[in-house]
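**Q** how would this look folded up:
(2 chains)
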Amino acid sequence: MQSNRLGWILLAPTLVILFFFGVVPFFYVLWLSFHQWNPFAVDPNIIYNGADNFRALVFDQGFLSSLGVTIAFVFFAVLSEVILGYFLAQAFMKEFPGKAIFRTVHTLPLIMAPIIVGSIWKLMTTPSIGIIPTVLDDWFGYDLNIGTSALAAFTVTVIMDIWHWTPLVTLTLIAALASLPADPFEQAQIDGANKRQIFWHITLPMIAPALLATVFIRLMDALRTVDEVLMLTGGGPGSATRYLGVHIFKEVFPKTNYGYGSAVSIIVLYLTIVACWLLYAALIAPRNKKA
Amino acid sequence: MTRTDPQDIETPINLHEQEEESRQSPIDRKEHQGFLPIQTNWFDRLFISVVIWVALCLFWLRFLEPAGLSLNIAQVIAVILAVIIVWKG
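**A** This next block holds a predicted model:
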């Protein structure tokens, strides 16, 4: 009983912070999503409008196209990061000359603020002065212009996200791989298992919890990408890179449409939770049931 | 060790059983298997109900309300579904 009370006392600061910075803002945004509020309009009052924001949202072509490009962005970015991160983690598990330097350099993007990453990539991809369009033009005769080509803009945002966040996946998977016991691998090698069999039947099941946790983190981050993309493309050309985070930003700040922005935010949160829960239910729950 | 019957030499010994038992939470989560394809406790089923409730309302707003069906019908269906899922899911 005494240790229980001590536990609650030690937890209290975290719970208080979580309450004021997590729970209260959530319920405030939820409450606001059922209201119309534009503080700079003729009528700046908060007016209850029932489900009107959600009614507008399901017919909003801007939101629906944002949802589509966001799903594509998340799929390509997270999948590439996980695959690339795994191979890099495997590479870092081996000894090679310059490993420490390479690992430090590889981790550098992770410590950069997203707005800086967006600025760097904007400088690198600006036509006529950026290094990437210049090299692509000189070597392959390809004219890269993210200001006019929707596909190029989308691809560059995906590559930028991969460049920024793959180190996170690598670091997590290095920790997971380093903690694996050697015995099952030795036994599998004695039994004559090849590399593919060892990967599918030993490595992957053993690192699955760490892998899934990483996918959750990246999924949540990718679904709310704003600053990098806003800096690089501003959501354009057209709505090619107007991801949900950018859409919310444009609704809330330039238009000061706080009620509608809150409704979109709630739906994004809903989609994030559902996506993570489906992944959990599909991959982890059956394993627990089997155990 | 799970081999209770000494004659039962065909039953494989589960070496990890003790480890699995020790990993189980001391809190009784009262998980059960209903018609849902996964084992759930009451909070999981409440969560699933809320997820379905939101999805149903959004679907209703997009496709059925323009045809003249009130959103209140969706709310009633969602509540009935929630009760069934929490009770029998």
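**Q** got the contact list for residue 36?
**A** In the absence of a named chain, this looks at chain A. By CB atoms under 8 Å, 6 or more residues apart in numbering or on different chains, the contact list for residue A:36 reads A:46, A:47, A:49, A:52, A:53, A:259, A:260. C-betas here are computed from N, CA, C, even on glycine.
**Q** hm, I was asking about chain B
**A** In this structure, residue B:36 makes contact with B:45, B:48, B:85, B:89, judged by CB under 8 Å, 6+ apart.
**Q** residue A:140: which of the residues you listed is nearest?
**A** Distance ranking of the contacts of residue B:36 against residue A:140, using CB to CB, places residue B:48 first at 50.8 Å.
**Q** check the contact between the closest one and residue B:85; I expect there is one.
**A** Yes. Residue B:48 is within contact range of residue B:85, at 5.8 Å (criterion: CB atoms under 8 Å).
**Q** that older thread, what is the nearest of the contacts of residue B:36 to residue A:103?
**A** residue B:48 (42.4 Å).
**Q** and chain A, is the helix or strand harbouring the closest one touching that?
**A** For residue B:48, the host element (DSSP states H and E) is helix B:42-59. Yes. Counting by CB under 8 Å from any CB of the partner chain, chain A has neighbours in helix B:42-59: B:47, B:51, B:54, B:57, B:58.
**Q** buried ones in that helix?
**A** Burial within helix B:42-59, assessed by neighbour count using 16 or more other CB atoms under 10 Å in any protein chain shown, is assigned to B:44, B:45, B:48, B:49, B:53, B:54, B:56, B:57, B:58.
**Q** what's next to whichever helix or strand comes after it, contact-wise?
**A** Using DSSP H and E, the helix or strand that directly follows helix B:42-59 along the chain is helix B:71-88. With contact meaning CB under 8 Å, 6+ apart, helix B:71-88 is reached by A:51, B:34-36, B:42, B:45-46, B:48-50, B:52-53, B:56-57, B:60-61, B:64-65.
**Q** tell me the buried residues in helix B:71-88?
**A** Residues of helix B:71-88 classed as buried under the neighbour-count rule (16+ other CB under 10 Å) are B:71, B:74, B:78, B:81, B:82, B:85, B:86.
**Q** list the helices and strands the helix or strand hosting residue A:277 packs on?
**A** With secondary structure defined by DSSP H and E, residue A:277 is part of helix A:258-283. Secondary-structure packing of helix A:258-283 (3 or more CB pairs under 8 Å, 6 or more residues apart in numbering or on different chains; DSSP states H and E): helix A:24-32, strand A:35-36, helix A:52-59, helix A:204-223, helix A:244-252, helix B:42-59.
**Q** could you give the angle of it to helix A:244-252?
**A** If you take axes from the mean of the first three to the mean of the last three CA atoms, to 10 degrees, helix A:258-283 sits at 160 degrees to helix A:244-252.
**Q** gap between helix A:258-283 and the chain center?
**A** On the basis of CA atoms, centre = their mean, to the nearest Å, helix A:258-283 sits 13 Å off its chain's mean C-alpha point.
**Q** what angle separates that helix from helix A:52-59?
**A** Using the same axes, to 10 degrees: helix A:258-283 against helix A:52-59 is 60 degrees.
**Q** return the set of buried residues in helix A:258-283.
**A** By neighbour count on 16+ other CB under 10 Å, the buried set for helix A:258-283 is A:258-269, A:271-272, A:275-277, A:281.
**Q** next, the contact list for residue A:72, please.
**A** So residue A:72 contacts residue A:154 (CB under 8 Å, 6+ apart).
**Q** next, give phi and psi for it.
**A** Per-residue torsions, residue A:72: phi -60, psi -40 (degrees, to the nearest 10).
**Q** list the contacts of stretch A:100-110.
**A** Contact with stretch A:100-110 is made by A:88, A:92, A:117, A:163, A:164, A:165, A:166, A:167, A:168, A:170, A:171, as judged by CB under 8 Å, 6+ apart.
**Q** quick one on the thing from earlier: among the contacts of residue A:36, the buried ones, what's the ChimeraX command?
**A** A single ChimeraX command selects the buried members of those (16+ other CB under 10 Å):
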select /A:49,52,53,259,260
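**Q** in JSON lines, list the contacts of residue A:36 along with pLDDT and distance to residue A:176.
**A** Output for those, formatted as JSON lines (pLDDT from 0 to 100; distance: CB to CB, whole Å):
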{"residue": "A:46", "pLDDT": "89", "distance to residue A:176": "48"}
{"residue": "A:47", "pLDDT": "89", "distance to residue A:176": "51"}
{"residue": "A:49", "pLDDT": "89", "distance to residue A:176": "48"}
{"residue": "A:52", "pLDDT": "91", "distance to residue A:176": "47"}
{"residue": "A:53", "pLDDT": "91", "distance to residue A:176": "42"}
{"residue": "A:259", "pLDDT": "90", "distance to residue A:176": "43"}
{"residue": "A:260", "pLDDT": "91", "distance to residue A:176": "42"}
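**Q** that's all I had, so thanks and see you.
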